[in-house]
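>>> predicted coordinates and the sequence they were generated for:
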Amino acid sequence: MKNISEAEREAIISQAKSAVNDEPIDWFDQLYGMADRDSAIIPWARMYPNPIMMDWVEKNCHIGKALIIGCGLGDDAIGLENLGFSVTAFDISKHCIDWCKERFPKSNVNWLVGDILNPEQEWIGNFDLVVEIHILQAIPDGGIRERAAEQMPKLLNHNGQLLCIGRLDNGEQTIQPPPWPLQEDWLKRSFDMLTLTTFTEFVNQDSPNVTRYYAAWRKQV
């Protein structure tokens with residue numbers, strides 16, 4: 001980790017966020033590039049697998065093929081690989097994917113540059129588990145977020161499961177967006193072609209005023 005002040009960190013994040021109006025998804029690549037391999041610059045980088053995801057998957061999933069949407073620095077993909085999944089992980093940012101490959105050179109995860117708005121044809125109907133963490137909330141509404149959500153159920157095979165984790169809109173957004181917290185009814189409406197199996201609100205100890213959720217759906221044809 002480089003020696004960088006909190007003010008410098010916030011300035012870099014703010015500069016990347018300022019690109020959202022012009023490039024509502026590509027701003028991710030700008031931030032990863034400006035970070036210059038300093039994970040402290042990436043607000044959502046935990047550097048370990050998401051514990052909510054890991055707990056839910058261990059309790060609810062059979063081992064199979066998994067897809068991580070917007071994989072970030074790769075820890076969630078590695079967590080699923082360690083559970084035995086065959087994992088494909090993609091991000092729109094080439095800087096991000098290159099960083100993942102450097103961090104985990106011995107991993108068998110299939111790291112790819114990709115766009116949820118235009119998923120690879122070979123992904124359609126191919127996965128037992130699709131995971132989206134903090135991605136939908138980082139995409140502005142106005143059609144783009146809806147287009148992203150529309151693609152996700154298509155990636156599931158028969159009986160496949162979709163897991164989403166993010167901020168829930170409780171009317172108390174106090175930070176410069178993104179993220180844009182999501183409304184429960186929007187989420188349920190967006191995936192109403194699937195069977196909702198879990199919708200749970202929770203808070204993290206480090207941000208007790210932020211309402212979060214994890215939700216899961218199953219494809220049943």
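Thanks, I have it.
>>> can you pull the phi and psi angles for residue 200?
phi -130, psi 130 (degrees, to the nearest 10).
>>> who does the residue nearest to it when sequence neighbours are not counted bridge with?
Nearest residue to residue 200, sequence neighbours excluded (Cβ to Cβ, 6 or more residues apart in numbering): residue 214, at 5.6 Å. No exception for glycine: its C-beta is placed from N, CA and C like everyone else's. In this structure, residue 214 bridges to residue 165, residue 200 when assessed by DSSP bridges.
>>> and residue 214, how far from residue 56?
Note on residue 214: its distance to residue 56, by Cβ to Cβ, to the nearest Å, is 6 Å.
>>> how about the contacts made by the residue nearest to residue 200?
The neighbourhood of residue 214, defined by Cβ atoms under 8 Å, 6 or more residues apart in numbering, consists of 52-53, 56, 163-165, 198, 200, 202.
>>> out of those, which end up buried?
52-53, 56, 163-165 (16 or more other Cβ atoms under 10 Å).
>>> so which residues of this structure form strands?
65-69, 86-91, 110-113, 127-133, 156-167, 195-204, 207-218 (DSSP state E).
>>> hey, C-alpha coordinates of the third one in CSV?
What follows is strand 110-113 as a C-alpha-only set of coordinates in CSV (Å, rounded to 0.1, in the frame of the first residue of the first chain):
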residue,chain,number,x,y,z
ASN,A,110,-11.2,-17.4,-15.8
TRP,A,111,-10.5,-13.6,-15.6
LEU,A,112,-12.1,-11.6,-18.4
VAL,A,113,-12.8,-8.1,-19.4
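>>> can you name every helix or strand that it contacts?
With contacts taken as 3 or more Cβ pairs under 8 Å, 6 or more residues apart in numbering; DSSP states H and E, strand 110-113 sits against strand 86-91, helix 94-103.
>>> give the bridge partners for the residue most central in space within the chain, please.
Among the residues of the chain, the one closest to the centroid is residue 133, at 3.1 Å (Cα atoms, centre = their mean). Note on residue 133: beta-bridge partners by DSSP bridges are residue 165.
>>> surely it and residue 162 touch.
No. If you go by Cβ atoms under 8 Å, residue 133 and residue 162 don't touch, sitting 11.7 Å apart.
>>> so who does residue 133 touch?
Shown in contact with residue 133 (Cβ under 8 Å, 6+ apart): 50, 53, 70, 76, 164-166.
>>> tabulate the residues you listed (JSON lines), appending pLDDT and distance to residue 140.
What follows is the contacts of residue 133, written out as JSON lines (pLDDT from 0 to 100; distance: Cβ to Cβ, whole Å):
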{"residue": "50", "pLDDT": "97", "distance to residue 140": "23"}
{"residue": "53", "pLDDT": "98", "distance to residue 140": "24"}
{"residue": "70", "pLDDT": "95", "distance to residue 140": "15"}
{"residue": "76", "pLDDT": "98", "distance to residue 140": "23"}
{"residue": "164", "pLDDT": "98", "distance to residue 140": "17"}
{"residue": "165", "pLDDT": "98", "distance to residue 140": "19"}
{"residue": "166", "pLDDT": "96", "distance to residue 140": "14"}
